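Engineer: mind looking at a prediction? Sequence and model below.
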Amino acid sequence: MSATLSTFLRPVFRLSADAFPRLAAQRFGAQEDMDRTWRTFEPVARTLVDSFYLAIDNRRQDQLAAKLDAVDPELRGIAYEGAGMGVTLLDSLLPGSTRLPSFLAGPGAPYRCLVLIGAGLVLPRVPRRPERFLARQDPLLRWFVMDGYGFYEGFFSWRRTIEAHGVPRRLHGYARQAFDQGVGRSLWFSTGANVDRIISTINRFEPSRQPDLWSGIGVACAYAAGVMDRVAVSRLFEAAGRHRAHVAVGTAIASVFRAESGHAAPHTDLACEVVWRRDSLQVAAVAEETRLGLDTGPDAPPLYAQWRRRIEDRWLAGSQPSPDASSSTRRETPTPTYGGTDR
């Protein structure tokens, strides 16, 4: 059997599904609840990794798409995320390669947000400057690249990113906030979706970073493998306290992922019902409505930041905060500052 490109790259990247629970155990030691949770997370990690190598070895888009579309619908978005990693890596290795934009315009279009997250997952490992890479992406959705970047650093470089609260020096402006959204997603997996560990970890970060971290938790809770029942999701949501609106934004973003691909999932509906008191399709419709008419002026905040703020406003307008959560969520949340070049 002839060797494939992934055969040569596996020893370099050393990316395997088995690495995920091993790294989580390095942080928290052996935990019985994490062992149980990782049995549910395992298909997610394996699908991501397998699809990464599939994209490397199947350079024809039609062949790659056929294999990705054979994945179970609930995990298919993860498969396209892994493929986003693979095509981005190929673009960085092969001069003149434009597989990522071609994939986004073709079979990856219904999963474009997730494909961009996948591109961000591989970005820390390739010789590319993030700002130049971002500049070539869709003006609204480019920040999902930084989300993927943050996930990678939060999970695989956790000592620097989680313990020391480091942020790559080459990230500036809104890229740092999108990075933190990905770091938040990584916490869902590295903590084994344990509410107490999530709260303890986020509370160690400076207050200005916590809203975006909680938003990442919202995305992961609603999109990734469903490991929480209604009671646990409700407890997590209440634990977010004054950052609950940011969890709501993350949940809405996850509902958009599901709606664009046409594949609903029970745990996405559950998270949306707890947070928004609506199912995921209804929440996705709200999110899509708020995307219309964003300010494209030169001094306006990044389009993605505007979109998220509008989603937050919609949740705040319809929410009835519990007694232990302040009704003045917006006033208590640190106001972000955006660099004028980060649109």
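Structural biologist: Done, it's in. This structure is a prediction, so every number in the text was calculated from the model and none was measured. Numbers count the residues shown, from 1 in each chain.
Engineer: when you work out contacts or count neighbours from here on, use the C-alpha atoms and nothing else.
Structural biologist: OK.
Engineer: neighbours of Arg132, how many?
Structural biologist: 9 (other C-alpha atoms under 10 Å).
Engineer: how far off centre is the one helix or strand Gly250 maps to?
Structural biologist: Assessed by DSSP states H and E, Gly250 sits inside helix 244-261. Computed by C-alpha atoms, centre = their mean, to the nearest Å, the chain-centroid distance of helix 244-261 equals 10 Å.
Engineer: average pLDDT for the very next helix or strand once past that helix?
Structural biologist: The helix or strand immediately downstream of helix 244-261 is helix 266-276, counting by DSSP H and E. For helix 266-276, the mean per-residue pLDDT is 96.
Engineer: list the buried residues of helix 266-276.
Structural biologist: 267-276 (16 or more other C-alpha atoms under 10 Å).
Engineer: roughly how far out does stretch 270-289 sit from the chain middle?
Structural biologist: Per C-alpha atoms, centre = their mean, the centroid offset for stretch 270-289 relative to its chain is 18 Å.
Engineer: quote the end-to-end distance of it.
Structural biologist: 22 Å (C-alpha to C-alpha, to the nearest Å).
Engineer: who's in contact with that stretch?
Structural biologist: 221-222, 230, 233-234, 237, 247-248, 251-253, 255-256, 258-259, 264, 268-269, 311, 314-315, 319 (C-alpha atoms under 8 Å, 6 or more residues apart in numbering).
Engineer: quick check: PyMOL command selecting the buried ones in those.
Structural biologist: This is the PyMOL syntax for the buried subset of the contacts of stretch 270-289, where burial follows 16+ other C-alpha under 10 Å:
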select buried, resi 221+222+233+234+237+247+248+251+252+253+255+256+258+259+264+268+269+311+314+315
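Engineer: can you map out the helices along the stretch 1-150 of the chain?
Structural biologist: Under the criterion DSSP state H, counting those that start in this stretch, the stretch 1-150 of the chain contains helices at 5-13, 19-28, 32-57, 61-68, 73-93, 99-105, 112-122, 130-135, 143-156.
Engineer: re the thing from before, and which of the buried residues of helix 266-276 is nearest His243?
Structural biologist: Nearest to His243 out of the buried residues of helix 266-276 is Val275 (C-alpha to C-alpha; 12.2 Å).
Engineer: quick one: that closest one from Tyr149, how far?
Structural biologist: 27 Å.
Engineer: hang on, the earlier thing: can you redo the helices of the stretch 1-150 of the chain as CSV with mean pLDDT and distance to Pro211?
Structural biologist: Shown next, in CSV, are these (pLDDT from 0 to 100; distance: least, C-alpha to C-alpha, whole Å):
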stretch, mean pLDDT, distance to Pro211
helix 5-13, 79, 32
helix 19-28, 75, 23
helix 32-57, 88, 25
helix 61-68, 96, 34
helix 73-93, 95, 24
helix 99-105, 97, 29
helix 112-122, 97, 20
helix 130-135, 91, 23
helix 143-156, 96, 14
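Engineer: I'd like those helices as a markdown table, with distance to His172 appended.
Structural biologist: As requested, the helices of the stretch 1-150 of the chain are arranged in a markdown table below (distance: least, C-alpha to C-alpha, whole Å):
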| stretch | distance to His172 |
| --- | --- |
| helix 5-13 | 27 |
| helix 19-28 | 28 |
| helix 32-57 | 28 |
| helix 61-68 | 34 |
| helix 73-93 | 22 |
| helix 99-105 | 24 |
| helix 112-122 | 16 |
| helix 130-135 | 9 |
| helix 143-156 | 11 |
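Engineer: out of those helices, nearest to Gly216?
Structural biologist: So among the helices of the stretch 1-150 of the chain, helix 143-156 is nearest, using C-alpha to C-alpha, at 8.5 Å.
Engineer: ok now whichever helix or strand comes after the closest one, how far from the chain's centre?
Structural biologist: Next in sequence after helix 143-156, counting helices and strands by DSSP H and E, comes helix 158. In this view, helix 158 has its centroid 16 Å away from the chain centroid, taken as C-alpha atoms, centre = their mean.
Engineer: same question for stretch 232-239.
Structural biologist: On C-alpha atoms, centre = their mean, the centre of stretch 232-239 falls 19 Å from the chain's centre.
Engineer: contacts for it next, please.
Structural biologist: 195, 199, 221, 244, 247, 271, 274-275, 325.
Engineer: Gly192 contacts Arg39, doesn't it?
Structural biologist: No. Gly192 is beyond contact range of Arg39, at 10.3 Å (criterion: C-alpha atoms under 8 Å).
Engineer: more crowded one of these two?
Structural biologist: When neighbours are counted by other C-alpha under 10 Å, Gly192 and Arg39 differ, and Gly192 comes out ahead with 25 against 12.
Engineer: show me what contacts the more buried one?
Structural biologist: Neighbours of Gly192 in contact, by C-alpha under 8 Å, 6+ apart: 24, 33-34, 37-38.
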